[in-house]
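K.L.:
can you look at this prediction? I've put the sequence above it.
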Amino acid sequence: MAQFPDFVRIVEVGARDGLQNEAAVSTQDKVDLINALADAGLKDIEAGAFVSPKWVPQMADSSDVISALNLPNVNLSALTPNLRGAEAAKQVDIQEFAIFTAASEAFCQKNINCSIDESIDRFKDVMAFAKANNIRVRGYVSCVMGCPYQGDVDYNDVLKVSQRLLELGCYEISLGDTIGVGTAQKVDELLDLLLQHIDKSKLAVHFHDTYGQALTNIYTALSRGIATVDSAVAGLGGCPYAKGASGNVATEDVVYLLQGLGIEHGIDLERLAKAGWAICSALNKQPVSKVSLALKNTQNN
């Protein structure tokens, strides 16, 4: 029996996870995007990443972007993979850190040059710093449904990594289908295991749309009571492991799904779509979101 939540919290990741996989845009374009997202009603926005500009040049101006914002009613978060990043994020008053590892050893080695165990060890300094400064920490687990290097991922590995991050002090685990290979049945199977050990209030889903299954997978998660969904306005961020494929599921499409299910979300779809059109204009590309394109066509007719 489906147990749909009454309200779904959307964590908007377009300004970080989306833009870091796109061509560079100006600092002002990023500030305008985040302000427009807040104006559309989004209360949880991932605003930047405090990582090496050598590896992620698109995020090099995160301090400038966040310093230019004045959004007291919005929870702004940032990726902080190490203590140095956490300290830099704290300097601009970020109140939520995000850390990331993977359920796949192969992905961990290729992506952050260490084992899963080593990646979690590295987070201990970040967690201690966050605790001392009363900052919440969210954990991302990549490759929960499959890995571009090792193929299938054991769901028990997803469980172990998720539990370790929760034990470290993360308030929530975002389950990432990094290459978008998940299906409704796989989501059900994964949640069958996880929900035996982890309360649904501590789980979020972060599904990529590489094979066009993200909305179906989100619907499946919602039916199991999961009430937090990560998404990116306009579907920003291609999939780095599948050339030409879409990456992040579009926030507009998720909002339309929620509206159709009668689930509250607090977001103005028209304003959201306009925020997407503006950043896509800056990127000189079309939105990936089907709902955004449909709304644009309606407006143009």
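P.N.:
Perfect, I can see it now. Residues are numbered from 1 along each chain as shown.

K.L.:
in the protein, what helix or strand scores lowest on average pLDDT?
P.N.:
When the helices and strands of the chain are scored by mean pLDDT, DSSP states H and E, helix 105-112 comes last with a mean of 88.

K.L.:
didn't A86 look like it was pressed against V126?
P.N.:
Yes. Assessed by CB atoms under 8 Å, A86 is found in contact with V126 at 4.7 Å. All C-beta atoms are positioned from the backbone trio N, CA, C, and that covers glycine.

K.L.:
which residues do these two both contact?
P.N.:
T80, F97 (CB atoms under 8 Å, 6 or more residues apart in numbering).

K.L.:
dump the least confident helix or strand of the chain to PDB, keeping only the CA atoms.
P.N.:
Extracted in PDB, the C-alpha atoms of helix 105-112 (Å, rounded to 0.1, in the frame of the first residue of the first chain):
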ATOM      1  CA  GLU A 105      35.000   1.200  -4.100                       C
ATOM      2  CA  ALA A 106      35.800   1.600  -7.700                       C
ATOM      3  CA  PHE A 107      34.000   4.900  -8.000                       C
ATOM      4  CA  CYS A 108      35.500   6.200  -4.800                       C
ATOM      5  CA  GLN A 109      39.000   5.400  -6.000                       C
ATOM      6  CA  LYS A 110      38.400   7.100  -9.400                       C
ATOM      7  CA  ASN A 111      36.400  10.000  -8.100                       C
ATOM      8  CA  ILE A 112      38.200  11.100  -4.900                       C
END
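
K.L.:
low-confidence regions, the stretch 201-301 of the chain specifically.
P.N.:
239-245, 301 (pLDDT under 70).

K.L.:
in this structure, which spans are helices?
P.N.:
For the chain, the helices defined by DSSP state H occupy 27-39, 62-67, 83-91, 105-112, 116-132, 155-168, 184-197, 214-223, 251-261, 269-283, 290-300.

K.L.:
quick one, which of the ones you listed is nearest to G237?
P.N.:
Taking CB to CB as the criterion, helix 269-283 is the member of the helices of the chain that comes nearest to G237, at 10.8 Å.

K.L.:
pull the CA atoms of that closest one into CSV?
P.N.:
Output in CSV follows, covering the C-alpha atoms of helix 269-283 (Å, rounded to 0.1, in the frame of the first residue of the first chain):
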residue,chain,number,x,y,z
LEU,A,269,5.9,26.3,-10.8
GLU,A,270,5.7,29.3,-13.1
ARG,A,271,8.4,31.3,-11.2
LEU,A,272,10.5,28.2,-11.1
ALA,A,273,10.3,27.7,-14.8
LYS,A,274,11.3,31.3,-15.4
ALA,A,275,14.4,30.9,-13.2
GLY,A,276,15.3,27.9,-15.4
TRP,A,277,14.8,29.9,-18.6
ALA,A,278,17.1,32.7,-17.3
ILE,A,279,20.0,30.4,-16.4
CYS,A,280,19.6,28.4,-19.6
SER,A,281,19.7,31.7,-21.6
ALA,A,282,23.0,32.5,-19.8
LEU,A,283,24.3,29.0,-20.7
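
K.L.:
which parts of that helix are buried?
P.N.:
By 16 or more other CB atoms under 10 Å, the buried positions in helix 269-283 come out as 269, 271-280, 282-283.

K.L.:
quick one: residues in contact with it.
P.N.:
Helix 269-283 has contacts (CB under 8 Å, 6+ apart) with 14, 19, 22-23, 25-26, 29, 32-33, 36-37, 39-42, 233-234, 236, 250-252, 255-256, 259, 286-287, 289, 291-292, 295-296.

K.L.:
now, of those, which are buried?
P.N.:
Applying a neighbour-count criterion of 16+ other CB under 10 Å, the buried members of the contacts of helix 269-283 are 14, 19, 22, 25, 29, 32-33, 36-37, 40-42, 233-234, 236, 250-252, 255-256, 287, 289, 291-292, 295-296.

K.L.:
A60 reaches P53, doesn't it?
P.N.:
Yes. A60 is within contact range of P53, at 3.7 Å (criterion: CB under 8 Å).

K.L.:
what about those two, which has more around it?
P.N.:
A60 (16 against 12; other CB atoms under 10 Å).
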